[in-house]
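K.L.:
Kindly return the folded structure for what I paste below:
(chains A, B, C and D)
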Protein chains: 4
Amino acid sequence: MKASTTVLLAGHAAGLGDALRDRFVAGGYTVVGVSRTGDPRWVTDLRDPAATAALFERLDKEAPPLAGVIHNAMQFHRQPFLQTSAQTLQEVWQSMVLTAFNVSQQAVVRLQRNGGGCLVFSGASGSVRAGANFSAFSSAKFALRGLSQSLAREHSQDGIHVAHVVIDGLIRSERTAQRFAQADAAALMEPRDLVEQYWQLFHQPRSGWTHELDLRPMGAGA
Amino acid sequence: MKASTTVLLAGHAAGLGDALRDRFVAGGYTVVGVSRTGDPRWVTDLRDPAATAALFERLDKEAPPLAGVIHNAMQFHRQPFLQTSAQTLQEVWQSMVLTAFNVSQQAVVRLQRNGGGCLVFSGASGSVRAGANFSAFSSAKFALRGLSQSLAREHSQDGIHVAHVVIDGLIRSERTAQRFAQADAAALMEPRDLVEQYWQLFHQPRSGWTHELDLRPMGAGA
Amino acid sequence: MKASTTVLLAGHAAGLGDALRDRFVAGGYTVVGVSRTGDPRWVTDLRDPAATAALFERLDKEAPPLAGVIHNAMQFHRQPFLQTSAQTLQEVWQSMVLTAFNVSQQAVVRLQRNGGGCLVFSGASGSVRAGANFSAFSSAKFALRGLSQSLAREHSQDGIHVAHVVIDGLIRSERTAQRFAQADAAALMEPRDLVEQYWQLFHQPRSGWTHELDLRPMGAGA
Amino acid sequence: MKASTTVLLAGHAAGLGDALRDRFVAGGYTVVGVSRTGDPRWVTDLRDPAATAALFERLDKEAPPLAGVIHNAMQFHRQPFLQTSAQTLQEVWQSMVLTAFNVSQQAVVRLQRNGGGCLVFSGASGSVRAGANFSAFSSAKFALRGLSQSLAREHSQDGIHVAHVVIDGLIRSERTAQRFAQADAAALMEPRDLVEQYWQLFHQPRSGWTHELDLRPMGAGA
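P.N.:
Numbering: from 1, shown residues only, chains lettered A, B, ... in the order given. Prediction:
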């Protein structure tokens, strides 16, 4: 049963999450999607370090060895600063940064044992440029970028490849496709295309690892 | 008594904090230094939005109108990732980012009323480059940078100048001076020098505002 | 004869250049390597706009349609500023930036005609951080990065994917392998590994294009 | 006669150039404005290393010791890529980068002798983000930024403060004021305001030097 290895999708959701699952399953991995409301076998509140530790202990017993984690817990949040509460700021940070931290702590020790692996964090244009009305979102996305940079510098020599993907555009979904019905289809990013990049990051040879790359649709314009 | 205006030092401490107080007092401002353990008249836990709101309501009554805030709540933290707890990650974030958020929310509405003002946030080299062993610190400093960028874009048109100072070096204090006794004095930054930059940011004319600048000692080397 | 399409390697050389040629030939492309001293059929001084135009006119007749260009004209140059002549500054700029400009001008019109294509420019760590003794090299590498960014914003809507690869480390060659004989092999980058990334950039779907990515060896450390 | 020291304005022109001259003269400096078409006593083609050397030799004899240089040779250039000639690319680079290089080579040796000094380079928003239609301009401005970073790292320990000012907006002039007649005056930057920042950079104490700062008008918006 341990013929394959496991990829954990942290913050699994429809859209990019499903496409990631399908791609890595097709590539021979065991894929475990974890979220607060998804697959009931693995429902976990990754904001809670104890719950996250318990999840990984179950994975140790019930799943093949860990190959890596894709963190995709994206809580898009756009709100004027003066209407954003401290509670919201903290919740957005917890859902995007604390979950990444908790998962990474469990994953790094296992990947060290396994001789290496890959951690990929999903960022956004707000990870590198904080616009008006994005105080909570960009502050959290900047934090996630800092966390991933620090992890890359601290654990690459353990064979752990840490990557940060700046998704600079809107991903196609039922909701975004409706909203942009009239617009150029070229302005939406296809989940099935994006996941190839995650696949490639997972399989980059050790002599040439990418820490950060951006992804944007051809039709994004200037 | 309202002859002057008030500068709030959020996260006031010895060293840079005292030098900021002295510089702005010398320049004619009323200076209020707020921290968890300092001046007993103004002790406030700025991580608490209600306590922060109460502080500003007292300032409205007891101090001249607000001219601006200097946020300097710096909790330097260096620790291997695997030894850093989720609790620590959250505390470092709260002390550096949540305090900035809470203070800014109170300050922005008052500065809007007063026709403008200045918010300055103190960053570090870890704000723009996250090294090994700085997962908590850099993640928080990145977040603070994102917050300040978003505030600048959202509220500059209200006359609120938001600046982020990247302090890229060690500030002279009893502790750092001892540690670097043999080293070139040129590698330490003098509080009395740094505060001039904060003063100048506070007084930049509206036609040319700096959002971000770095400060490093001549002797920093490459 | 036009069964395939052509990839032009501008600034072809041993090492990464040969590995790029082999990879794209293996993938079914016609590969034309152009340099001042290499394959005599295509020797061209790409610093000269007229010679570059003549090269592309020959390619129009003698090679399959253009699929894209990989610009790899790297003139590593490390020299103290005061010993660097204005002549050297200009030569380094011409060899790395002017060649990229000339080739891009010819390529863009052809790729527009062909319905799209790919331009990849090879950068270095000096493209994003200019160290001491790299005034000529980094100034040119910064310029190349600016050129590639501008091209991406100006011509992506023509279906032209412009990418900039920041090679942040030393590529294995006889020379670097000797120099680092005792060092960890993990600190050198394998040409055969790096070229996969170029291959993937050439084949990224239009809904998710990477403009910039870095590549560094696992053993690079902090 | 050597009561003061000399500030050289390289690429002197009306507008910011005149305001810089007035500010530094008012502050007690001898100011020498050099350009291709200005003050006939000092007309020099700074693209020519020999002419630049001759200029500095004359300054050695006829002016007080050098305190520093402000490089402001700005050749704004906006043109579609396919309409930009290689000749233009090179001219824009020569006027903005080669002049900076030539002047710096002469200045650094003199500032080393004088125990230090200041070099300030004027950048633009195109120095950090290259937009469509700015292939020549941004490529040159990126190069200038790389040059200034390298100089800072290489010569700060000689007491030479190297700064790069990112002017992120339009400077008020007769031309820009007409063009933006209806627009919010807050969107134009006043030369007399900007020059204060250059003055302050020249006088930053050695324990806290800024290498890079941005300047943008309050009314710039997001």
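
K.L.:
Strands of chain A, residue ranges please.
P.N.:
Under the criterion DSSP state E, strands of chain A are mapped to A:6-10, A:30-34, A:66-71, A:117-124, A:160-167, A:170-171, A:188-189, A:212-215.

K.L.:
Could I get the buried residue list for the helix or strand of chain A with the lowest mean pLDDT?
P.N.:
Within chain A, judged by mean pLDDT, DSSP states H and E, the helix or strand with the poorest mean is helix A:174-179; its value is a mean of 78. Along helix A:174-179, the positions that meet the burial threshold by neighbour count (16 or more other CB atoms under 10 Å in any protein chain shown) are A:Thr176. The way it works is simple: take the backbone N, C-alpha and C, and place the C-beta from them, glycine included.

K.L.:
same question, stretch A:150-170
P.N.:
A:150-156, A:158-170.

K.L.:
Please see if stretch A:16-34 touches chain C.
P.N.:
No: using CB under 8 Å from any CB of the partner chain, stretch A:16-34 stays clear of chain C, with a minimum separation of 10.7 Å.

K.L.:
List the buried residues in that stretch.
P.N.:
Applying a neighbour-count criterion of 16+ other CB under 10 Å, the buried positions in stretch A:16-34 are A:16-21, A:23-24, A:29-34.

K.L.:
All the helices of chain A, residue numbers only.
P.N.:
For chain A, applying DSSP state H gives helices covering A:16-26, A:49-62, A:86-93, A:99-113, A:135-155, A:174-179, A:191-202.

K.L.:
What pLDDT is listed against A:Trp209?
P.N.:
As summarised for this prediction, A:Trp209 has a pLDDT of 97.

K.L.:
need the contact list for it.
P.N.:
Under the criterion of CB atoms under 8 Å, 6 or more residues apart in numbering or on different chains, the contact partners of A:Trp209 comprise A:Ser156, A:His161, A:Ala163, C:Leu215, C:Arg216, C:Pro217, C:Met218.

K.L.:
Report the contact partners of the nearest residue to A:Ala86 once chain neighbours are set aside.
P.N.:
Of all residues not flanking A:Ala86 in the chain, B:Pro49 sits nearest, at 4.2 Å (CB to CB, 6 or more residues apart in numbering or on different chains). With contacts defined as CB under 8 Å, 6+ apart, the neighbours of B:Pro49 are A:Ser85, A:Ala86, B:Asn102, B:Gln105.

K.L.:
Return the distance of B:Pro49 relative to D:Leu188.
P.N.:
Remark: distance between B:Pro49 and D:Leu188 (CB to CB, to the nearest Å) = 39 Å.

K.L.:
ditto for A:Gly117
P.N.:
From A:Gly117 over to D:Leu188 (counting by CB to CB), the distance is 54 Å.

K.L.:
In terms of neighbours, single out the busier of the two.
P.N.:
Comparing A:Gly117 with D:Leu188 by other CB atoms under 10 Å in any protein chain shown, the one with more neighbours is A:Gly117, at 26 against 19.

K.L.:
Surely A:Gly219 and A:Leu170 touch.
P.N.:
No: checked against CB atoms under 8 Å, the pair A:Gly219 and A:Leu170 is beyond contact range at 10.9 Å.

K.L.:
circling back to that earlier point, please convert the strands of chain A to CSV, extending it with distance to chain B.
P.N.:
Supplementary listing: the strands of chain A in CSV, determined by distance: least, CB to the nearest CB, whole Å:
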stretch, distance to chain B
strand A:6-10, 14
strand A:30-34, 17
strand A:66-71, 13
strand A:117-124, 11
strand A:160-167, 11
strand A:170-171, 20
strand A:188-189, 23
strand A:212-215, 12
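
K.L.:
Output those in JSON lines, with mean pLDDT and distance to chain D appended to each entry.
P.N.:
Listed next are the strands of chain A as JSON lines, based on pLDDT from 0 to 100; distance: least, CB to the nearest CB, whole Å:
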{"stretch": "strand A:6-10", "mean pLDDT": "97", "distance to chain D": "32"}
{"stretch": "strand A:30-34", "mean pLDDT": "96", "distance to chain D": "36"}
{"stretch": "strand A:66-71", "mean pLDDT": "98", "distance to chain D": "28"}
{"stretch": "strand A:117-124", "mean pLDDT": "98", "distance to chain D": "17"}
{"stretch": "strand A:160-167", "mean pLDDT": "98", "distance to chain D": "15"}
{"stretch": "strand A:170-171", "mean pLDDT": "91", "distance to chain D": "19"}
{"stretch": "strand A:188-189", "mean pLDDT": "92", "distance to chain D": "21"}
{"stretch": "strand A:212-215", "mean pLDDT": "98", "distance to chain D": "13"}
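
K.L.:
got the contact list for A:Ala140?
P.N.:
Applying CB under 8 Å, 6+ apart to A:Ala140 gives the contacts A:Gln75, A:Val92, A:Trp93, A:Ser95, A:Met96, A:Val97, B:Ala143, B:Gly146.

K.L.:
Please repeat the previous calculation with a cut-off of 7 Å.
P.N.:
Residues in contact with A:Ala140, defined by CB atoms under 7 Å, 6 or more residues apart in numbering or on different chains, are A:Val92, A:Trp93, A:Met96, A:Val97, B:Ala143.

K.L.:
Apart from its chain neighbours, what residue comes closest to the second one?
P.N.:
Nearest residue to A:Trp93 in three dimensions, chain neighbours excluded: A:Ala140, at 4.7 Å (CB to CB, 6+ apart).

K.L.:
ok so, going back, widest-spaced pair of the contacts of A:Trp209?
P.N.:
Taking CB to CB as the measure, the contacts of A:Trp209 reach their widest spread between A:Ala163 and C:Pro217, a distance of 14.5 Å.

K.L.:
wait, A:Asp45 sits on A:Ala51?
P.N.:
Yes: with the criterion set as CB atoms under 7 Å, A:Asp45 and A:Ala51 qualify as a contacting pair; they are 5.1 Å apart.

K.L.:
How much space separates A:Ala26 from A:Gln90?
P.N.:
For A:Ala26, the distance to A:Gln90 (CB to CB) stands at 38 Å.

K.L.:
follow-up on the earlier one: if we take the contacts of B:Pro49, which one ends up nearest to chain D?
P.N.:
Nearest to chain D, judged by CB to the nearest CB, of the contacts of B:Pro49 is B:Gln105 at 19.5 Å.

K.L.:
Setting the sequence-adjacent residues aside, check what's closest to that closest one.
P.N.:
Using CB to CB, 6+ apart and skipping the chain neighbours, the partner closest in space to B:Gln105 is A:Leu82 (6.6 Å).

K.L.:
what about the one you found, neighbour count?
P.N.:
That count, for A:Leu82 with other CB under 10 Å as the rule, works out to 13.

K.L.:
Please name the residues that touch it.
P.N.:
For A:Leu82, the contact set (CB under 7 Å, 6+ apart) comprises B:Gln105, B:Val108, B:Val109.

K.L.:
Could you single out the nearest of these to chain C?
P.N.:
Proximity of the contacts of A:Leu82 to chain C was ranked by CB to the nearest CB; the top entry is B:Val108 with 33.4 Å.

K.L.:
right, and that closest one touches B:His155 too?
P.N.:
Yes: the pair B:Val108 and B:His155 qualifies as a contact (CB under 7 Å) at a distance of 5.8 Å.

K.L.:
re earlier: which strands and helices lie in contact with the least confident helix or strand of chain A?
P.N.:
Packed against helix A:174-179, as judged by 3 or more CB pairs under 7 Å, 6 or more residues apart in numbering or on different chains; DSSP states H and E, are no other helices or strands.
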